[in-house]
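Peer 1: here are the coordinates; sequence isn't available:
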């Protein structure tokens with residue numbers, strides 16, 4: 001029967017996808033044992049940017065809302081966790097919900113006023129929001145000013161401090177897998193289909209009953225909450241929160257993770273994070289021309305694969 005054939009194809013595809021993710025996770029587990037400390041540290045940074053990429057992928061990849069200030073949510077997550085650990089003595093695990101809630105609230109603040117904006121105007125507003133957050137934390141005494149926060153304690157699991165590069169790598173990998181699974185479930189919801197409809201044509205989507213304002217606001221809130229998870233991880237990895245880590249360049253790098261990997265593609269986020277973080281480290285041998293080679297390679301990738309290295313496949317629905 002046609003219905004059974006269609007169901008069999010869907011199940012076969014789902015099984016293949018799960019097998020691919022399982023193989024990727026297995027390779028990542030083995031990599032933590034065979035790589036040296038420097039390579040493992042770089043791999044941990046790749047995972048942090050992959051989490052950020054999964055967050056901005058909701059805003060840009062699914063909903064089609066250009067965001068040039070996503071580093072603000074990264075900073076809010078990092079500073080919220082850092083302040084709670086340094087000033088109040090909270091442990092890492094208690095600060096995680098607070099960091100996510102603070103970033104979600106910031107998503108409402110930036111999302112609600114920009115619901116009617118599009119394209120260039122939306123980009124300018126999000127860019128300004130990112131700079132406002134950065135300048136605010138630089139000028140506040142409680143956040144450490146230009147020097148940032150120092151003395152952030154390491155993550156403790158079962159009485160063991162996570163201080164070595166391999167231990168932190170596995171911690172970041174566990175967080176990445178959890179966020180990847182959550183965003184995978186989110187991609188199959190009606191909300192995700194509403195985001196894709198808004199990205200295609202928000203007026204047409206509203207005409208057929210999609211509440212575009214609410215959908216756009218949810219994209220900002222959920223994307224900010226996902227991206228904020230990377231903030232406490234980054235603070236725990238470095239032991240400090242530095243305001244210079246949340247500049248416009250950081251927002252641009254996070255956006256490039258999605259553009260290079262493929263907007264709306266979760267596997268593409270991983271590819272984009274590897275390109276953005278690992279490629280400059282590979283080019284470190286040519287330090288004087290590293291920036292030039294990196295820029296040329298990015299331009300080449302965009303020209304040859306404008307849809308991304310691993311673009312998202314359109315979902316086909318059959319009756």
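Peer 2: Here it is on my side, so go on. Computed from a predicted structure; not experimentally measured. Residues are numbered from 1 along each chain as shown.
Peer 1: burial count for residue 31?
Peer 2: 15 (other CB atoms under 10 Å). For every residue, glycine as well, the C-beta is placed using N, CA and C.
Peer 1: Now do the same for the closest residue to it other than its chain neighbours: its pLDDT.
Peer 2: Spatial nearest neighbour of residue 31, excluding adjacent residues (CB to CB, 6 or more residues apart in numbering): residue 43 at 6.4 Å. Residue 43 is assigned a predicted lDDT (pLDDT) of 93.
Peer 1: burial of residue 43, as a residue count?
Peer 2: 22.
Peer 1: distance of it from residue 217?
Peer 2: Per CB to CB, to the nearest Å, residue 43 is found 35 Å from residue 217.
Peer 1: got it, and residue 209?
Peer 2: Taken as CB to CB, the span from residue 209 to residue 217 is 17 Å.
Peer 1: Those two: which is more packed in?
Peer 2: Taking other CB under 10 Å, residue 209 and residue 217 do not tie; residue 217 has more neighbours (19 against 8).
Peer 1: For the more buried one, pull up the helix or strand it's in.
Peer 2: Taking DSSP states H and E as the definition, residue 217 sits inside helix 212-228.
Peer 1: What is that helix packed up against?
Peer 2: On a contact count with 3 or more CB pairs under 8 Å, 6 or more residues apart in numbering; DSSP states H and E, helix 212-228 meets helix 37-56, helix 71-87, helix 92-111, helix 165-186, helix 190-200, helix 202-207.
Peer 1: By mean pLDDT, show me the worst of those helices.
Peer 2: Looking at those, the lowest mean pLDDT belongs to helix 202-207 (a mean of 85).
Peer 1: Return the distance of that helix from the chain's centre.
Peer 2: 28 Å (CA atoms, centre = their mean, to the nearest Å).
Peer 1: For that helix, give me every contacting residue.
Peer 2: 194, 197-198, 212, 215-216 (CB atoms under 8 Å, 6 or more residues apart in numbering).
Peer 1: These: which two are farthest apart?
Peer 2: Across the contacts of helix 202-207, the longest distance by CB to CB is 11.5 Å; it joins 197 and 216.
Peer 1: more crowded one of those two?
Peer 2: When residue 197 and residue 216 are compared for neighbours, residue 216 comes out ahead with 25 against 20, by other CB under 10 Å.
Peer 1: pLDDT value on the more buried one, please?
Peer 2: Note on residue 216: pLDDT of 90.
Peer 1: One more: the one 5 residues further on?
Peer 2: For residue 221, the model assigns a pLDDT of 94.
Peer 1: same thing with the one 3 residues further on?
Peer 2: Predicted confidence (pLDDT) at residue 224: the value is 94.
Peer 1: ok, now residue 9?
Peer 2: Residue 9 is given a pLDDT of 53.
Peer 1: Neighbours of the closest residue to residue 183 other than its chain neighbours, how many?
Peer 2: The shortest distance from residue 183 to any non-neighbouring residue, by CB to CB, 6+ apart, is to residue 54 (5.1 Å). As a burial measure, residue 54 scores 28 neighbours (other CB under 10 Å).
Peer 1: In this structure residue 54 contacts residue 178, no?
Peer 2: No: in this structure residue 54 lies outside contact range of residue 178 using CB atoms under 8 Å: 10.6 Å.
Peer 1: what residues does stretch 80-89 touch?
Peer 2: 90-92, 94-96, 98-99, 102-103, 142-143, 149-153, 228, 231-232, 235, 241.
Peer 1: Which of those are buried, as a PyMOL select command?
Peer 2: Selection command for PyMOL covering only the buried members of the contacts of stretch 80-89, criterion 16 or more other CB atoms under 10 Å:
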select buried, resi 90+92+95+96+98+99+102+103+143+149+152+228+231+232+235+241
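Peer 1: so the helix holding residue 217 versus helix 37-56, what angle?
Peer 2: Angle of helix 212-228 versus helix 37-56, following axes from the mean of the first three to the mean of the last three CA atoms, to 10 degrees, is 170 degrees.
Peer 1: Would you mind pulling up the elements that the helix or strand following helix 212-228 packs against?
Peer 2: Scanning forward in sequence from helix 212-228 by DSSP H and E, the next helix or strand is helix 230-238. Contacts defined by 3+ CB pairs under 8 Å, 6+ apart place helix 230-238 against helix 37-56, helix 71-87, helix 92-111, helix 165-186.
Peer 1: Those helices into a markdown table, with extra columns for distance to residue 257?
Peer 2: Converted to a markdown table, the helices and strands packed on helix 230-238 look like this (distance: least, CB to CB, whole Å):
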| stretch | distance to residue 257 |
| --- | --- |
| helix 37-56 | 4 |
| helix 71-87 | 12 |
| helix 92-111 | 18 |
| helix 165-186 | 13 |
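Peer 1: right, so of the helices and strands packed on helix 212-228, which gets closest to residue 284?
Peer 2: Nearest to residue 284, of the helices and strands packed on helix 212-228 and by CB to CB, is helix 37-56 at 10.4 Å.
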